[in-house]
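In: Provided below for reference: sequence and predicted model.
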Amino acid sequence: MSRAALLQQEMGLGPAWQARAGWFEQHPAQLLRQAPADGDAEEPAALAAEIAPEPQPAAVAPTAAPQQSAPAAPPPVETAPAPIEQPVPTPEPLRAELRTELAPIDWPQLQSRVAGCQDCRLCETRTQTVFGRGNPQARWMLIGEAPGENEDRQGLPFVGRAGQLLDNMLQAAGLDREQDVYIANVLKCRPPGNRNPAPDEIAACNGYLLQQIRHIQPTLIVALGRFAAQTLLETEDSIGRLRGKVHRYQGVPLVVSYHPAYLLRNQPDKAKAWQDLLLAHKVFRQAGN
Ligand code: SF4
């Protein structure tokens, strides 16, 4: 039995996971059509990164034209004093401007900036930031949601059982986690209690992810989980609708798949995750790699 098959057996995966000669082209999964709306219940709640609209300036009442003084003019009629306008509190500015304002900096500077970042409330509750891991020259970039409890403690993305499953999936697909991929999250700090990230937190952190992509220049991005997919693609579509297609993010082909933590709870969907990896490989090869 091959090493990959042994691994898959250890993972408890069925035959659909077993690579065969010519499996990328011939694999029956290639022929499967996308099942509609599968996996909609992947994560607790959809998080569409809905950025609050810019506050509109209050309408200014037209100023009355000054009256011409005329000798016979009657005395001005006394009117009630205009109500004093209460200042409208300025909403907390979202940091979407980081997209353009964060000047390109080198990789170590970026790491250091993230490590000391206090641009959103998550800095108050994190143990440490989680920048990413893997090879910054990798052709594959995997993007998840945000650090969980283990990641927050260890400072690395995708550790624990979910990380182990991801490692096994990558290895079964012939990818080395440290050499062939770079793994990062949309958010670099853990939301307390693993709650969904808030839109202003995403906006605050987004510039770091864009910088990482700019440095790595991956050939392919794989968005892991509904949250990452919806955030990167700025859509509320379900993961069932987003899987099985090739999207683009910052000009880079992007394929959507399930988050490994979801797969741990929904073993039958591992076969669909395998289909996603097949699609990702196909896109990668078509890109001339
Ligand atoms: S989540 Fe991102 S923006 Fe917020 S404090 Fe952490 S690194 Fe900074």
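Out: Received the coordinates, thanks.
In: mind listing what Val186 touches?
Out: 143-146, 197, 202, 205-206, 209, 227-228, 231-232 (Cβ atoms under 8 Å, 6 or more residues apart in numbering). For the C-beta atoms, the positions are set from N, CA and C on the backbone; glycine is no exception.
In: Among those residues, which ones are in helices?
Out: 202, 205-206, 209, 227-228, 231-232 (DSSP state H).
In: now the residues you listed in JSON lines, with distance to Gly288?
Out: Shown next, in JSON lines, are the ones in helices among the contacts of Val186 (distance: Cβ to Cβ, whole Å):
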{"residue": "Ile202", "distance to Gly288": "33"}
{"residue": "Cys205", "distance to Gly288": "32"}
{"residue": "Asn206", "distance to Gly288": "29"}
{"residue": "Leu209", "distance to Gly288": "25"}
{"residue": "Phe227", "distance to Gly288": "31"}
{"residue": "Ala228", "distance to Gly288": "26"}
{"residue": "Thr231", "distance to Gly288": "28"}
{"residue": "Leu232", "distance to Gly288": "23"}
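In: Tell me the one of these nearest the ligand?
Out: For the ones in helices among the contacts of Val186, the closest approach to the ligand (Cβ to the nearest ligand atom) belongs to Cys205, at 3.2 Å.
In: what residues are up against that closest one?
Out: Contacts of Cys205 by Cβ under 8 Å, 6+ apart are 117, 119-120, 186-189.
In: Repeat the analysis, applying 7 Å as the threshold.
Out: 120, 186-188 (Cβ atoms under 7 Å, 6 or more residues apart in numbering).
In: which of those sit farthest apart?
Out: For these, the farthest-apart pair by Cβ to Cβ is Cys120 and Val186; their separation is 12.4 Å.
In: Can you pull the residues of the stretch 151-289 of the chain lying near the ligand?
Out: Counting by Cβ under 6 Å from any ligand atom, the stretch 151-289 of the chain comes close to the ligand at 187-189, 201, 204-205.
In: which SSE is Val255 in?
Out: Element membership for Val255, per DSSP states H and E: strand 252-257.
In: avg pLDDT for that strand?
Out: For strand 252-257, mean pLDDT is 97.
In: buried ones in the helix or strand harbouring Pro108?
Out: Using DSSP H and E, Pro108 falls within helix 107-115. Applying a neighbour-count criterion of 16 or more other Cβ atoms under 10 Å, one finds 110-111, 113-114 buried in helix 107-115.
In: What mean pLDDT does that helix get?
Out: 96.
In: Can you mark which positions in stretch 249-256 are buried?
Out: Buried residues in stretch 249-256 (16+ other Cβ under 10 Å): 249, 252-256.
In: Which residues does that stretch contact?
Out: By Cβ under 7 Å, 6+ apart, stretch 249-256 touches 210, 213, 218, 220-223, 229, 232-233, 239, 242-243, 246-248, 276, 279-280, 283, 287.
In: Pull out the buried residues from those.
Out: Among the contacts of stretch 249-256, those scoring as buried are 210, 213, 218, 220-223, 229, 232-233, 239, 242-243, 247, 276, 279-280, 283 (criterion: 16+ other Cβ under 10 Å).
In: Now, those that are in strands?
Out: Counting by DSSP state E, the part of the buried ones among the contacts of stretch 249-256 found in strands is 220-223, 247.
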